[in-house]
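A.B. asks: Coordinates for the following, if possible.
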Amino acid sequence: MPDIQSNEIELWFTEENQIDDQELLNEYRSLINDEELKRYERLVFPPHQKQFLVSRALLRTVLGQYLDQPPETLVFARNSYGKPRIASFEKSLPISFNLSHTDGLCVLAVTRENDLGVDVEYLTRKVDILNLAKRFFSEQEYAELAALDVEKFDERFFRLWTLKEAYIKACGMGLSISLKDFGFSFFSKKIIVNFAEERMDKPEFWQFWQFRFQKKFQIALAASVKQGPSKEKLLAREGRPLDKFEKFQLVDLLQN
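C.D. replies: This is a model prediction of the structure:
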């Protein structure tokens, strides 16, 4: 297993438009199991099929390296809320992981123990911002968003949305958690999180990060804090599954 320390979170990035080799895509297809193949074949549009293959190949090859197992032998299952886990080992696993993808980019987060959630959004994706915000954001989040100049709506919306998605993914309970029961605000380069009383959670139990990738993708990461103040270190790599990955430095990080 690669040498990942207990206080490290490793992020693996793959841009789909960097993969146009059909032989490589065929190799990705050879890694997936029958259930994944059926999901792949149900996809109608080629870009969606490609995204599926790339994301599954990233997941399988990276986790296979950590676990010292052939990527095609990994077996995945989901908890009762749909969060994936590795089912081909005993209960005690040395790693925790989470995967997210949007048009053009797949991101995999891996660490040793903390529960993880990662979310990525393409910043030019068209959404009904005010309607979604009114429906899913806390009162404070919505009020702060509505008070912004129109040209700042998109940036604030995606910053909030990715943080919310990262948190519920880390919790592993999906939308059974009301998105109105917790909220985020920003001060300088700090992320501030608040929980409603009924959520029964505390800011000190969580570490959040946020940054952009290639100026067009908004990314948020959430990690549970199991022991004492969080001092997790983020490490990032960019590349292609079954090919080389290069380390790079994350810049303009926001965190709590």
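
A.B. asks: drop to CA atoms for contacts and neighbour counts, all remaining ones
C.D. replies: Will do.

A.B. asks: was I right about A77 contacting E36?
C.D. replies: No: judged on Cα atoms under 8 Å, A77 makes no contact with E36 at a distance of 11.8 Å.

A.B. asks: more neighbours, those two?
C.D. replies: Using other Cα atoms under 10 Å as the criterion, A77 and E36 rank with E36 on top: 15 against 12.

A.B. asks: what kind of secondary structure is the more buried one in?
C.D. replies: Following DSSP: H, G, I helix; E, B strand; the rest coil, E36 is assigned to helix.

A.B. asks: same question, the one 4 residues further on
C.D. replies: Going by three-state DSSP, the secondary structure assigned to Y40 is helix.

A.B. asks: Grab the nearest non-local neighbour of Q207.
C.D. replies: Distances taken as Cα to Cα, 6 or more residues apart in numbering place A223 nearest to Q207, at 5.3 Å, with adjacent residues excluded.

A.B. asks: which residues does the residue positioned nearest the centre of the chain contact?
C.D. replies: In the chain, the centroid-proximal residue (Cα atoms, centre = their mean) is V118; its distance is 2.1 Å. Counting by Cα atoms under 8 Å, 6 or more residues apart in numbering, V118 touches 98-100, 107-109, 162, 165-167, 169-170, 219-222.

A.B. asks: rerun that using 6 Å as the cut-off
C.D. replies: Taking Cα atoms under 6 Å, 6 or more residues apart in numbering, we find V118 in contact with A166, A220, L221.

A.B. asks: could you pull out the helices for the stretch 101-250 of the chain?
C.D. replies: Ranges of helices in the stretch 101-250 of the chain, per DSSP state H, counting those that start in this stretch, are 129-136, 139-146, 153-171.

A.B. asks: which one of those is the most hemmed in?
C.D. replies: When the helices of the stretch 101-250 of the chain are scored by mean count of other Cα atoms under 10 Å, the highest mean neighbour count falls to helix 153-171 (a mean of 21).

A.B. asks: Just list whatever residues bridge to V110.
C.D. replies: Counting by DSSP bridges, V110 forms beta bridges with E10, F97.

A.B. asks: Good, we can wrap up now.
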